[in-house]
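Participant: fold the following for me, if possible:
(one chain, ligands or ions: 3)
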Amino acid sequence: MKISKVKLTAVGVPRHTGFVNKHVIVQLETDEGAVGIGEMSDFSHLPRYSVDMKDLEATLDSILIGKNPFDTADINRELDLNFPQALYYYEKGSFIRNGVDTALYDVCSKFLGVSMSDLLGGRQREKFKVCYPIFRHRFLDEVDENIEIVRGRLEQGFDTFRLYVGKNVDADEAFLDRVYSEFGGKVTIKSLDFSHLLDWKDALRATKRLSKYHFELVESPAFWNDFEGLNHFRLQCEFPVSEHVWSPRQQYEMIKKDSVDIFNIAPVFIGGLTAARKAAYAAEVAGKSVLIGTTQELSIGTSAMAHFGSALPHLNYTSDPTGPELYIDDIVTQKIKYENGYLRLPDRNIAGIGVDLDWNKIEKYRVPDLSWGDVSVHQLQDRTSQTRG
Ligand SMILES: O=C(O)C(=O)C[C@@H](O)[C@H](O)C(=O)O
Ligand SMILES: [Mg+2]
Ligand SMILES: [Mg+2]
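Facilitator: Numbers count the residues shown, from 1 in each chain. Ligands and ions are numbered 1, 2, ... in the order given. Next comes the predicted model:
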């Protein structure tokens, strides 16, 4: 089988917060007629440059046309040369590699007539626990609306949440106080996520202040790539520490400096399922746990993570993929399913990734390019359309 054409389609899908995220749908056509789909998820992250879609499609055509999609190792090597690893969380080259790599696994598993998970180590589980994100408070009066989100999501079966913290610790504290006084043991706070906003000492002070409330772990409590800072925090904090993995070199440094207890692995940030599996193996060798992170993908990207997570032996903490619940709509005929706060894998009898494109929805949300419009840094950091200064 050989790849015959790469097709890219950009879509802009709003979240319930009003923030519009731009994603790129990948189609890999082959000479056998099978078509693989993937998702270059959420380009709407800093830094504010954008990728030219026509140029990207031509570049991927030149790399991929004529290649056998089963040659995932060789294709990933070529993609790395063209969209190199970077010591940066939101490196757009990683999103690009991820969309293509996912489509490789989809077209190969479709060609073989098996579920994608069969090419990713099989299934240890048909579902895994996820948590719903509560985005960062900047003002005390945002607590009410976030408590309302918890109330509504709890009714839908999501009983676990993660809280972005660090901009207004008074509001963080007020929110946690309200959660435990109103919902008691019915709600679990999985993590405080500092998103690399504070240095490790400030994050430690805030964590100690908030530790009178129960939570399970702390994420990103140091500046970008501050491997020593993460280790200092970790040795002085009673809670497990997680950090996103955005490159093999970064993960190597975190292993060498014993920076974390948990690697947060999302294919979008490490550049694909192939790279994510390597990161998961490295974590296993280092005796660390993993959880599956997210950039808040649509159903294609989320389904790929469900297949990826189904085989991991050390998936010891609640994971994060809830994108299809955050967007007002999706671009597939049947959204990936959640059940009582668990992300469910597609039926194993379905070949491939397990979701299909809905071209009516794609046309509805199609955008001509990945240009930015007039979003502010605050909106980009806290994923909201709020314009309060
Ligand atoms: O755990 C995180 O950090 C995130 O989820 C980052 C978010 O910004 C995510 O990428 C999003 O778009 O909500
Ligand atoms: Mg995080
Ligand atoms: Mg994102």
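Participant: helix/strand/coil for the spatially closest residue to residue 25 that is not a sequence neighbour?
Facilitator: Nearest non-adjacent residue to residue 25, counting by Cβ to Cβ, 6 or more residues apart in numbering: residue 9, 4.5 Å away. The C-beta positions use only the backbone N, C-alpha and C, and glycine is treated the same way. Of the three states, residue 9 takes strand according to DSSP: H, G, I helix; E, B strand; the rest coil.
Participant: residue 9: neighbour count?
Facilitator: 19 (other Cβ atoms under 10 Å).
Participant: let me see the contact set for whichever residue of the chain sits closest to ligand 3.
Facilitator: Using Cβ to the ion, the closest approach of the chain to ligand 3 is made by residue 295 at 3.2 Å. Going by Cβ atoms under 8 Å, 6 or more residues apart in numbering, residue 295 touches 41-42, 45, 90, 95, 266, 268-269, 301, 323.
Participant: among those residues, which one sits closest to residue 211?
Facilitator: When the contacts of residue 295 are ranked by distance to residue 211 (Cβ to Cβ), residue 266 comes first, at 26.7 Å.
Participant: list the residues that contact that closest one.
Facilitator: Residue 266 neighbours (Cβ under 8 Å, 6+ apart): 244, 276, 292-295, 305, 320-321.
Participant: so how far is residue 87 from the closest residue to residue 356 other than its chain neighbours?
Facilitator: Distance criterion Cβ to Cβ, 6+ apart; nearest residue to residue 356, sequence neighbours excluded, is residue 333 at 4.8 Å. Here residue 333 is placed at a distance of 39 Å from residue 87 (Cβ to Cβ, to the nearest Å).
Participant: how about the secondary structure of the spatially most central residue of the chain?
Facilitator: Nearest to the mean C-alpha position of the chain, by Cα atoms, centre = their mean, lies residue 294 at 1.5 Å. The three-state label given to residue 294 by three-state DSSP is coil.
Participant: would you check that residue 66 makes contact with residue 6?
Facilitator: No: at 11.6 Å, residue 66 does not count as touching residue 6 under the criterion of Cβ atoms under 8 Å.
Participant: settle it for me: which of the two has more neighbours?
Facilitator: Shown here are residue 66 and residue 6; by other Cβ under 10 Å, residue 6 has more neighbours (22 against 11).
Participant: help me confirm that that one comes into contact with residue 53.
Facilitator: No: using Cβ under 8 Å, residue 6 is not in contact with residue 53, being 11.4 Å away.
Participant: can you report phi and psi for the closest residue to ligand 1 within the stretch 1-150 of the chain?
Facilitator: Going by Cβ to the nearest ligand atom, ligand 1 is nearest to residue 42 of the stretch 1-150 of the chain, at 5.2 Å. Note on residue 42: its backbone torsions stand at phi 50, psi 70 [degrees, to the nearest 10].
Participant: if we can go back for a sec, and which of the contacts of residue 266 is nearest residue 368?
Facilitator: residue 295 (22.1 Å).
Participant: close to ligand 2: what parts of the stretch 151-300 of the chain are there?
Facilitator: 193, 219 (Cβ under 5 Å from the ion).
Participant: contacting residues for residue 65?
Facilitator: Residues counted as contacts of residue 65 (Cβ under 8 Å, 6+ apart) are 2-6.
Participant: do you know the pLDDT at it?
Facilitator: For residue 65, the pLDDT comes out at 98.
Participant: quick check: residue 191 is in a strand.
Facilitator: Yes: assessed by three-state DSSP, residue 191 belongs to a strand.
Participant: if it is in a bridge, with which residues?
Facilitator: Counting by DSSP bridges, residue 191 is bridged to residue 162, residue 217.
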